[in-house]
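>>> Prediction below, plus the sequence it came from.
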Amino acid sequence: MIKSESIAESTVEPPVEPPAEPPVPGLALAFASTIRHDGHGGVADDLADPAALPGWAAGVGFDGVPGSAEAQAAVLSIRAGTRALFAYAVRPWPASRADAHRLLPLAEAVDRINTAAAQVPVTVRLDWDDERPASVLEGGAADPVVALTAALARATIAFLAGPDRENLRACQAPRCVRYFVKGHGRQEFCKPSCSNRARVARHYARHQAEGQVDE
Ligand SMILES: [Zn+2]
(Lines give C-alpha, C1' and ligand atoms only; values in the text may rest on other atoms or scores of the structure.)
Protein backbone atom coordinates (compact mmCIF):
# COMPACT_ATOMS: atom_id res chain seq x y z
CA MET A 1 0.00 0.00 0.00
CA ILE A 2 2.71 2.40 1.00
CA LYS A 3 4.73 1.36 -2.00
CA SER A 4 1.93 2.01 -4.48
CA GLU A 5 1.30 5.44 -2.95
CA SER A 6 4.94 6.40 -3.32
CA ILE A 7 4.95 5.26 -6.94
CA ALA A 8 1.83 7.32 -7.64
CA GLU A 9 3.46 10.36 -6.07
CA SER A 10 6.67 9.94 -8.00
CA THR A 11 4.83 9.86 -11.32
CA VAL A 12 3.34 13.31 -10.79
CA GLU A 13 6.45 14.99 -9.43
CA PRO A 14 8.29 17.23 -11.88
CA PRO A 15 11.75 16.05 -12.95
CA VAL A 16 14.51 16.87 -10.50
CA GLU A 17 16.26 20.10 -11.40
CA PRO A 18 19.77 19.44 -12.74
CA PRO A 19 22.56 20.96 -10.67
CA ALA A 20 23.90 23.06 -13.53
CA GLU A 21 22.41 24.97 -16.42
CA PRO A 22 22.14 23.74 -19.14
CA PRO A 23 21.65 20.03 -18.26
CA VAL A 24 24.93 18.17 -18.36
CA PRO A 25 25.49 14.48 -18.99
CA GLY A 26 27.77 13.80 -16.06
CA LEU A 27 29.61 14.97 -13.01
CA ALA A 28 32.96 15.66 -14.68
CA LEU A 29 31.37 17.93 -17.27
CA ALA A 30 29.15 19.58 -14.66
CA PHE A 31 32.25 20.24 -12.58
CA ALA A 32 34.23 21.68 -15.51
CA SER A 33 31.18 23.78 -16.41
CA THR A 34 31.27 25.67 -13.13
CA ILE A 35 33.40 28.02 -15.23
CA ARG A 36 31.03 29.42 -17.82
CA HIS A 37 30.02 32.40 -19.89
CA ASP A 38 28.18 34.83 -17.62
CA GLY A 39 25.76 35.96 -20.34
CA HIS A 40 27.26 39.47 -20.40
CA GLY A 41 30.54 38.89 -22.21
CA GLY A 42 32.51 37.77 -19.17
CA VAL A 43 33.35 34.51 -17.43
CA ALA A 44 31.44 33.40 -14.36
CA ASP A 45 32.79 30.97 -11.79
CA ASP A 46 30.05 29.22 -9.82
CA LEU A 47 32.61 28.30 -7.16
CA ALA A 48 34.31 31.70 -6.84
CA ASP A 49 32.64 32.24 -3.49
CA PRO A 50 33.33 29.57 -0.85
CA ALA A 51 29.76 30.06 0.40
CA ALA A 52 28.48 28.66 -2.92
CA LEU A 53 30.29 25.36 -2.43
CA PRO A 54 27.89 23.60 -0.01
CA GLY A 55 24.93 24.18 -2.34
CA TRP A 56 26.81 23.11 -5.45
CA ALA A 57 28.15 20.00 -3.71
CA ALA A 58 24.69 19.07 -2.41
CA GLY A 59 23.37 19.45 -5.94
CA VAL A 60 25.74 16.74 -7.14
CA GLY A 61 25.02 14.49 -4.17
CA PHE A 62 27.54 15.50 -1.52
CA ASP A 63 26.03 16.90 1.65
CA GLY A 64 27.95 18.42 4.51
CA VAL A 65 30.69 20.15 2.49
CA PRO A 66 31.57 23.34 4.38
CA GLY A 67 31.63 26.75 2.73
CA SER A 68 35.19 27.35 3.87
CA ALA A 69 38.18 28.72 2.00
CA GLU A 70 40.01 25.43 2.63
CA ALA A 71 37.22 23.36 1.10
CA GLN A 72 37.03 25.74 -1.85
CA ALA A 73 40.79 25.55 -2.41
CA ALA A 74 40.66 21.75 -2.40
CA VAL A 75 37.86 21.67 -4.96
CA LEU A 76 39.40 24.35 -7.19
CA SER A 77 42.69 22.47 -7.17
CA ILE A 78 40.90 19.42 -8.62
CA ARG A 79 39.02 21.59 -11.09
CA ALA A 80 42.28 23.02 -12.43
CA GLY A 81 43.35 19.42 -13.01
CA THR A 82 40.06 18.44 -14.65
CA ARG A 83 39.98 21.46 -16.94
CA ALA A 84 43.62 21.06 -17.93
CA LEU A 85 42.99 17.42 -18.82
CA PHE A 86 39.91 18.42 -20.82
CA ALA A 87 42.05 20.96 -22.68
CA TYR A 88 44.58 18.23 -23.54
CA ALA A 89 41.80 15.80 -24.42
CA VAL A 90 40.22 18.04 -27.06
CA ARG A 91 43.46 18.46 -29.01
CA PRO A 92 43.88 19.18 -31.90
CA TRP A 93 40.67 21.15 -31.37
CA PRO A 94 41.11 24.35 -29.34
CA ALA A 95 40.78 24.41 -25.55
CA SER A 96 38.30 26.59 -23.66
CA ARG A 97 39.41 30.20 -23.83
CA ALA A 98 38.74 30.65 -20.11
CA ASP A 99 41.98 28.98 -19.03
CA ALA A 100 43.85 27.87 -22.16
CA HIS A 101 46.60 30.32 -21.24
CA ARG A 102 47.19 28.90 -17.77
CA LEU A 103 46.88 25.14 -17.95
CA LEU A 104 48.67 22.81 -15.57
CA PRO A 105 51.27 20.67 -17.33
CA LEU A 106 49.78 17.33 -18.37
CA ALA A 107 51.81 15.23 -15.91
CA GLU A 108 50.95 17.53 -13.00
CA ALA A 109 47.24 17.45 -13.85
CA VAL A 110 47.27 13.65 -14.10
CA ASP A 111 49.08 13.38 -10.78
CA ARG A 112 46.69 15.77 -9.07
CA ILE A 113 43.64 13.80 -10.22
CA ASN A 114 45.19 10.44 -9.33
CA THR A 115 46.24 11.66 -5.88
CA ALA A 116 42.74 12.92 -5.14
CA ALA A 117 41.11 9.72 -6.38
CA ALA A 118 43.44 7.62 -4.25
CA GLN A 119 42.25 9.38 -1.08
CA VAL A 120 39.16 7.19 -1.04
CA PRO A 121 39.53 3.51 -1.88
CA VAL A 122 36.34 2.20 -3.44
CA THR A 123 35.09 -1.17 -4.50
CA VAL A 124 32.68 -1.80 -7.30
CA ARG A 125 29.57 -3.93 -6.82
CA LEU A 126 26.99 -5.17 -9.30
CA ASP A 127 23.51 -4.18 -8.25
CA TRP A 128 20.73 -5.93 -10.17
CA ASP A 129 17.24 -5.28 -8.99
CA ASP A 130 14.01 -5.70 -10.99
CA GLU A 131 15.05 -3.19 -13.60
CA ARG A 132 18.58 -3.44 -14.93
CA PRO A 133 22.13 -4.10 -13.79
CA ALA A 134 24.00 -1.15 -12.34
CA SER A 135 27.52 -0.68 -11.12
CA VAL A 136 27.60 0.70 -7.57
CA LEU A 137 30.70 2.13 -5.94
CA GLU A 138 31.14 1.34 -2.28
CA GLY A 139 33.54 3.15 -0.04
CA GLY A 140 33.67 6.58 1.40
CA ALA A 141 35.43 9.11 3.53
CA ALA A 142 34.44 10.60 6.85
CA ASP A 143 35.55 14.01 5.63
CA PRO A 144 32.96 15.35 3.15
CA VAL A 145 35.57 17.42 1.32
CA VAL A 146 37.75 14.35 0.80
CA ALA A 147 34.70 12.39 -0.35
CA LEU A 148 33.78 15.14 -2.81
CA THR A 149 37.24 15.74 -4.25
CA ALA A 150 37.86 12.01 -4.65
CA ALA A 151 34.53 11.62 -6.43
CA LEU A 152 35.28 14.55 -8.72
CA ALA A 153 38.65 13.02 -9.53
CA ARG A 154 37.09 9.61 -10.21
CA ALA A 155 34.47 11.23 -12.44
CA THR A 156 37.25 12.95 -14.37
CA ILE A 157 39.10 9.66 -14.82
CA ALA A 158 35.94 7.84 -15.90
CA PHE A 159 35.07 10.57 -18.38
CA LEU A 160 38.53 10.76 -19.93
CA ALA A 161 38.80 6.99 -20.22
CA GLY A 162 35.23 6.65 -21.49
CA PRO A 163 33.47 6.90 -24.85
CA ASP A 164 32.52 10.59 -24.55
CA ARG A 165 36.10 11.83 -24.60
CA GLU A 166 36.47 11.74 -28.38
CA ASN A 167 33.39 13.95 -28.75
CA LEU A 168 34.54 16.43 -26.12
CA ARG A 169 34.93 19.95 -27.49
CA ALA A 170 35.36 23.46 -26.17
CA CYS A 171 32.56 25.64 -27.54
CA GLN A 172 34.05 28.25 -29.86
CA ALA A 173 31.02 30.53 -30.03
CA PRO A 174 31.86 34.13 -29.16
CA ARG A 175 32.42 34.48 -25.41
CA CYS A 176 31.51 30.85 -24.60
CA VAL A 177 34.03 28.93 -22.50
CA ARG A 178 32.12 25.70 -22.01
CA TYR A 179 33.27 22.16 -22.65
CA PHE A 180 30.54 19.94 -24.09
CA VAL A 181 30.08 16.52 -25.61
CA LYS A 182 29.24 16.78 -29.28
CA GLY A 183 25.92 15.04 -29.79
CA HIS A 184 25.86 14.61 -33.55
CA GLY A 185 28.27 14.78 -36.44
CA ARG A 186 28.23 18.45 -37.27
CA GLN A 187 27.47 20.01 -33.90
CA GLU A 188 29.97 22.81 -33.40
CA PHE A 189 28.53 24.65 -30.43
CA CYS A 190 27.39 23.69 -26.96
CA LYS A 191 23.80 24.87 -27.34
CA PRO A 192 21.47 26.57 -29.83
CA SER A 193 21.99 30.05 -28.36
CA CYS A 194 25.76 29.69 -28.95
CA SER A 195 25.13 28.51 -32.50
CA ASN A 196 22.94 31.59 -33.11
CA ARG A 197 25.54 33.91 -31.62
CA ALA A 198 28.28 32.39 -33.77
CA ARG A 199 26.12 32.75 -36.90
CA VAL A 200 25.46 36.41 -36.13
CA ALA A 201 29.18 37.00 -35.51
CA ARG A 202 30.12 35.33 -38.82
CA HIS A 203 27.51 37.37 -40.64
CA TYR A 204 28.80 40.58 -39.05
CA ALA A 205 32.44 39.70 -39.81
CA ARG A 206 31.57 38.97 -43.44
CA HIS A 207 29.84 42.31 -43.83
CA GLN A 208 32.70 44.10 -42.13
CA ALA A 209 35.14 42.46 -44.54
CA GLU A 210 32.99 43.42 -47.55
CA GLY A 211 32.76 46.98 -46.22
CA GLN A 212 36.54 47.19 -45.96
CA VAL A 213 36.94 46.00 -49.55
CA ASP A 214 34.58 48.77 -50.69
CA GLU A 215 36.48 51.49 -48.88
ZN1 LIG B 1 28.74 27.55 -26.08
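Nice, I can see it. Numbers count the residues shown, from 1 in each chain.
>>> pLDDT value on Glu138, please?
On pLDDT, Glu138 comes in at 81.
>>> ok, now which ones touch the residue nearest to it when sequence neighbours are not counted?
Distances taken as CB to CB, 6 or more residues apart in numbering place Thr123 nearest to Glu138, at 5.1 Å, with adjacent residues excluded. C-betas here are computed from N, CA, C, even on glycine. Counting by CB atoms under 8 Å, 6 or more residues apart in numbering, Thr123 makes contact with 137-139.
>>> which bits of this structure sit near the ion?
Residues of the chain found near the ion (CB under 5 Å from the ion) are 171, 173, 176, 178, 190, 194.
>>> before we move on, the earlier item: so can I have JSON lines of the contacts of Thr123 showing secondary structure, neighbour count and distance to Asp127?
Listed next are those as JSON lines, based on DSSP: H, G, I helix; E, B strand; the rest coil; neighbours: other CB atoms under 10 Å; distance: CB to CB, whole Å:
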{"residue": "Leu137", "secondary structure": "strand", "neighbour count": "12", "distance to Asp127": "10"}
{"residue": "Glu138", "secondary structure": "strand", "neighbour count": "10", "distance to Asp127": "10"}
{"residue": "Gly139", "secondary structure": "coil", "neighbour count": "11", "distance to Asp127": "15"}
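>>> I'd like these laid out as JSON lines, including distance to His40.
Below are the contacts of Thr123 laid out as JSON lines (distance: CB to CB, whole Å):
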{"residue": "Leu137", "distance to His40": "39"}
{"residue": "Glu138", "distance to His40": "44"}
{"residue": "Gly139", "distance to His40": "42"}
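>>> between those, which is nearest the ion?
Closest to the ion out of the contacts of Thr123 is Leu137 (31.3 Å), distances taken as CB to the ion.
>>> Mind listing the residues bridging to the closest one?
The bridge-partner assignment for Leu137, based on DSSP bridges, gives Val124.
>>> and the gap between it and Arg186?
36 Å (CB to CB, to the nearest Å).
>>> Then Ala198?
In terms of CB to CB, Ala198 sits 13 Å off from Arg186.
>>> any idea how far Tyr179 is from the residue nearest to Glu138?
Distance of Thr123 to Tyr179, computed by CB to CB: 30 Å.
>>> cool, Pro50 as well?
In terms of CB to CB, Pro50 sits 24 Å off from Tyr179.
>>> Which of the two has more residues huddled nearby?
Tyr179 (27 against 17; other CB atoms under 10 Å).
>>> Next, Ile113: phi, psi?
Main-chain torsions, Ile113, degrees, to the nearest 10: phi -70, psi -40.
>>> so Val145 sits right up against Val65, yeah?
Yes - counting by CB atoms under 8 Å, Val145 touches Val65, with 5.9 Å between them.
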